[in-house]
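[1] predicted model follows, preceded by the sequence.
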Amino acid sequence: MFEAEEISEAAALAWRDEGPVANYCRHETVRLLGLDPKQALTQCQGYDEALCLGAKWRLDFGREYSLGEIRAMGVQFRLLKRVPVPTPSLDDVLALAARLPTGLNDPFAAEKLLAERDELLQALTEGDNVGAMTEVACAGYYAAKHLDWVGRRVGLSVNEVLRLTVAKYELRARPDNPKDDEAERAAVLYALATLGIVLKGKDFSPGERGGFYRPGPE
């Protein structure tokens, strides 16, 4: 995605002077930037910024124009800049889920996720690429909802659930993928401590908030 801004010739020259530029235009208007249209490259690569020049009057193909003639016709300078596209987060998905009928805290999200898996495979088998992508969207939706449901069982947000996930699976991802239950428990407890959560006992029943607490400010 790009945003466009019309700029002056002076601003265009200043933009040119900021760094090396590549010319992909054989249009005579590039002479205003001190570039030779005959030396234009033929294949444009990806850039974050681009300067587009357009004459306000039609130029005759194959004719060379002087700078005076080009300026007399008038040239529009438009600077294009790539606009970063925000990456959606789980919170964005959950905000949408809260507005839909089944809402959050959906105990059937996991089952729906598995159903979406089957529908994805079916769409791929049938060669329905667009349908497959819609199932991909559904998979992301129900995966987020399932994490929300899991977190609510123990009083954690989705992001806090992911904090525990990273703490545990950083250990699993070590060379040879060792399984060390005591080390994983310690890692999860430490992650909880960084969130200000202290377990009251060794275990607690799912769904019971009394198994842990967040100490308030003293």
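    Received the coordinates, thanks. Numbers count the residues shown, from 1 in each chain.
[2] parallel or antiparallel, list what pairs with the one helix or strand residue 6 maps to.
    Using DSSP states H and E, residue 6 sits in strand 2-7. With DSSP bridges as the test, strand 2-7 is paired with strand 75-82 (antiparallel).
[3] can you pull the buried residues of the partner strand?
    Residues of strand 75-82 classed as buried: 75, 77, 79 (neighbour count, 16 or more other C-beta atoms under 10 Å). Quick note: C-beta positions are derived from backbone N, CA and C, even for glycine.
[4] coming back round to it: show the average pLDDT along the strand holding residue 6.
    Averaging pLDDT along strand 2-7 gives 90.
[5] hmm, who's touching it?
    15, 50, 52, 76, 77, 78, 79, 80, 81, 82, 83 (C-beta atoms under 8 Å, 6 or more residues apart in numbering).
[6] and of the buried residues of strand 75-82, the nearest to residue 93?
    residue 79 (34.8 Å; C-beta to C-beta).
[7] was I right to think the closest one contacts residue 51?
    Yes: assessed by C-beta atoms under 8 Å, residue 79 is found in contact with residue 51 at 5.5 Å.
[8] quick check: neighbours shared by these two?
    Contacts common to residue 79 and residue 51, judged by C-beta under 8 Å, 6+ apart, are 12, 15.
[9] hmm, back to that, output the buried residues of strand 75-82 in JSON lines, with distance to residue 196 appended to each entry.
    Formatted as JSON lines, those follow (distance: C-beta to C-beta, whole Å):
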{"residue": "75", "distance to residue 196": "61"}
{"residue": "77", "distance to residue 196": "55"}
{"residue": "79", "distance to residue 196": "48"}
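[10] I'd like those residues laid out as TSV, including pLDDT.
    Listed next are the buried residues of strand 75-82 as TSV, based on pLDDT from 0 to 100:
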residue	pLDDT
75	87
77	91
79	93
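[11] closest one to residue 137 out of those residues, please.
    Comparing these against residue 137 with C-beta to C-beta picks out residue 79 as the nearest, at 34.5 Å.
[12] contact partners for that closest one?
    So residue 79 contacts 4, 5, 6, 7, 11, 12, 15, 49, 50, 51, 52 (C-beta under 8 Å, 6+ apart).
[13] give me the buried entries from the residues you listed.
    Neighbour counting over the contacts of residue 79 (16+ other C-beta under 10 Å) leaves 7, 12, 15, 50, 51 as the buried ones.
[14] and those residues as CSV, adding distance to residue 93 and secondary structure?
    Shown next, in CSV, are the buried ones among the contacts of residue 79 (distance: C-beta to C-beta, whole Å; DSSP: H, G, I helix; E, B strand; the rest coil):
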residue, distance to residue 93, secondary structure
7, 39, strand
12, 42, helix
15, 39, helix
50, 33, strand
51, 38, strand
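[15] in CSV, list the C-alpha atoms belonging to the helix or strand hosting residue 96.
    According to DSSP H and E, residue 96 maps onto helix 90-97. Extracted C-alpha coordinates of helix 90-97, given in CSV (Å, rounded to 0.1, in the frame of the first residue of the first chain):
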residue,chain,number,x,y,z
LEU,A,90,-4.8,-12.0,18.6
ASP,A,91,-6.4,-9.1,20.4
ASP,A,92,-7.7,-7.8,17.1
VAL,A,93,-9.3,-11.2,16.3
LEU,A,94,-10.8,-11.4,19.8
ALA,A,95,-12.3,-7.9,19.5
LEU,A,96,-14.1,-9.1,16.4
ALA,A,97,-15.2,-12.3,18.1
